[in-house]
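Undergrad: show me the folded form of this:
(chains A and B)
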Amino acid sequence: DGGITQSPKYLFRKEGQNVTLSCEQNLNHDAMYWYRQDPGQGLRLIYYSQIVNDFQKGDIAEGYSVSREKKESFPLTVTSAQKNPTAFYLCASSVPAETEAFFGQGTRLTVV
Amino acid sequence: QKEVEQDPGPLSVPEGAIVSLNCTYSNSAFQYFMWYRQYSRKGPELLMYTYSSGNKEDGRFTAQVDKSSKYISLFIRDSQPSDSATYLCAMRRGKLIFGQGTELSVKP
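TA: Residues are numbered from 1 along each chain as shown, chains lettered A, B, ... in the order given. Next up is the predicted model:
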């Protein structure tokens, strides 16, 4: 089945640690996105990538890093520099010229 | 000012009511307009998208775009308890920009 897989579903991190969230898609989409969702704030764009080996900062990139070495994979690292990392993280992909973006089921990150 | 504004609600209606959800935007460069539905603790799923001003209907759902007023709407007819979710508007100018989402509750 085609789709986007995010893992893990739940993740706990100690303060000061980096953690990497996985996002894999088999839809053959060129563009991939990472969003952060907090209660009452909708989805805020962290990073996006339109093509392999290229990515751009979104509105809230500070404290995050990404890589796009393969078309199907777009991992997000939440670094210790991110001051408030506890949130629901969503990965999405789309064909750039099209309208639809498809989402994974999200990773809920909690800092303990 | 945010590029896309959406009333977060919450909005509570009785079963069978017509629901109207709205977003305004400030950037006339937006070309594609979408509505997503998100159930609790799940990823958003696309409900409808449209490109031009006017109406687009799909079953009980109607999406309306007024580019001159920079205003989009989603209407849900004969609302059901299963429609209870958060509804997010989204717009594309290259990247996707989302509204805050409106939390809808349909009471039996």
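
Undergrad: chain neighbours aside, what residue packs nearest to the residue nearest the centre of chain A?
TA: Chain A has A:Trp34 as the residue nearest its centroid, 3.0 Å off, counting by C-alpha atoms, centre = their mean. Once flanking residues are discounted, A:Trp34 sits nearest to A:Ile46: 4.4 Å by C-beta to C-beta, 6 or more residues apart in numbering or on different chains. No exception for glycine: its C-beta is placed from N, CA and C like everyone else's.

Undergrad: check contacts around the one you found.
TA: A:34-36, A:58-61, A:64, A:66, A:76, A:89 (C-beta atoms under 8 Å, 6 or more residues apart in numbering or on different chains).

Undergrad: with B:Ser12 instead?
TA: Counting by C-beta under 8 Å, 6+ apart, B:Ser12 touches B:104-107.

Undergrad: run the last query once more with 7 Å
TA: Listed by C-beta atoms under 7 Å, 6 or more residues apart in numbering or on different chains, the contact set of B:Ser12 reads B:105, B:107.

Undergrad: same question for the host helix or strand of it, mean pLDDT?
TA: Secondary structure from DSSP states H and E places B:Ser12 in strand B:11-14. In this model, strand B:11-14 has a mean pLDDT of 97.

Undergrad: one more: stretch B:62-80?
TA: Mean pLDDT, computed over stretch B:62-80, is 95.

Undergrad: do stretch A:77-91 as well
TA: Throughout stretch A:77-91, pLDDT has a mean value of 94.

Undergrad: any chance of the backbone angles for A:Val52?
TA: Phi and psi for A:Val52, reported as degrees, to the nearest 10, are phi -60, psi 140.

Undergrad: mind listing the strands for the chain?
TA: Since no chain was named, I'll use chain A. Assigned by DSSP state E, the strands in chain A fall at A:4-7, A:10-13, A:19-25, A:31-37, A:43-51, A:54-57, A:64-66, A:76-78, A:87-94, A:101-103, A:107-111.

Undergrad: wait, I meant chain B there
TA: When secondary structure is read from DSSP E, chain B shows strands at B:4-6, B:11-14, B:19-25, B:32-38, B:45-50, B:54-58, B:61-66, B:71-76, B:85-93, B:95-98, B:102-107.

Undergrad: who's the nearest residue to A:Lys57 once chain neighbours are set aside bridged to?
TA: Spatial nearest neighbour of A:Lys57, chain neighbours left out: A:Tyr47 (6.2 Å); criterion: C-beta to C-beta, 6+ apart. Under DSSP bridges, the beta-bridge partners of A:Tyr47 are A:Trp34, A:Lys57.

Undergrad: burial count for A:Tyr47?
TA: 21 (other C-beta atoms under 10 Å in any protein chain shown).

Undergrad: that one against A:Phe55, yeah?
TA: Yes: counting by C-beta atoms under 7 Å, A:Tyr47 sits close enough to A:Phe55 to count as a contact (5.5 Å).

Undergrad: what residues are shared contacts of these two?
TA: Residues touching both A:Tyr47 and A:Phe55 (C-beta under 7 Å, 6+ apart) are A:Val66.

Undergrad: kindly state the beta-bridge partners for A:Ala101.
TA: According to DSSP bridges, the residues that bridge with A:Ala101 are A:Ser94.

Undergrad: count of neighbours near it?
TA: When neighbours are counted by other C-beta under 10 Å, A:Ala101 registers 25.

Undergrad: note down every partner strand of the lowest-mean-pLDDT helix or strand in chain B and its orientation.
TA: None of the helices or strands of chain B scores lower by mean pLDDT, DSSP states H and E than strand B:95-98, at a mean of 85. Sheet pairing of strand B:95-98 (DSSP bridges) gives strand B:85-93 (antiparallel).
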